[in-house]
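**Q** coordinates for the following, if possible.
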Amino acid sequence: MTFGEKVKTLRKTKDMSQTQLAQAVGVSLRTVGGWEKEGRYPKQHELYQKLADTLGCDVSYLMTEEESFITEATEHLFFSTSFIIR
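**A** Numbers count the residues shown, from 1 in each chain. Presented below is the predicted three-dimensional model:
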């Protein structure tokens, strides 16, 4: 799931409009639209934390796009470590 898809899904779960989210984190409506529809990302790192607080999620969730990649990398690391230890 992309960053924009996550923002949109979480925003809708919170029953917030794009305008409400924009006001809550201190950006323009156009910026929120850019995240959700145009594949853009926050330019300021602090915005990730504001979004996470407002949307009720962990900041790492917003910053990670490919959960499957993380899972595969973790499994690979575990397998490699297990192989070395034995």
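**Q** contacts, neighbours, all on C-alpha from now
**A** Noted.
**Q** what about the chain, any weak spots by pLDDT?
**A** Within the chain, the segments meeting pLDDT under 70 span 66-86.
**Q** tell me where it has strands.
**A** Shown for the chain, no strands are assigned by DSSP state E.
**Q** so where do the helices sit in it?
**A** Using DSSP state H, the helices of the chain run over 3-13, 18-25, 29-38, 45-55, 59-63, 67-85.
**Q** let's have those helices in a markdown table, adding mean neighbour count.
**A** Shown next, in a markdown table, are the helices of the chain (neighbours: other CA atoms under 10 Å):
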| stretch | mean neighbour count |
| --- | --- |
| helix 3-13 | 17 |
| helix 18-25 | 16 |
| helix 29-38 | 16 |
| helix 45-55 | 17 |
| helix 59-63 | 15 |
| helix 67-85 | 11 |
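**Q** could you check how far the most centrally placed residue in the chain is from residue 6?
**A** A centroid search over the chain (CA atoms, centre = their mean) returns residue 62, at 1.4 Å, as the residue closest to the centre. Distance of residue 62 to residue 6, given as CA to CA, to the nearest Å: 7 Å.
**Q** ok, the residue nearest to the centre of the chain - contacts?
**A** Residues near residue 62 by CA atoms under 8 Å, 6 or more residues apart in numbering: 3, 6-7, 48, 52.
**Q** one more time with 6 Å, if that's ok
**A** Applying CA atoms under 6 Å, 6 or more residues apart in numbering to residue 62 gives the contacts residue 3.
**Q** make residue 1 into 41 and carry on from there
**A** Renumbered: residue one is now 41, and that last one reads residue 102.
**Q** distance of it relative to residue 53?
**A** Counting by CA to CA - residue 102 and residue 53 are separated by 15 Å.
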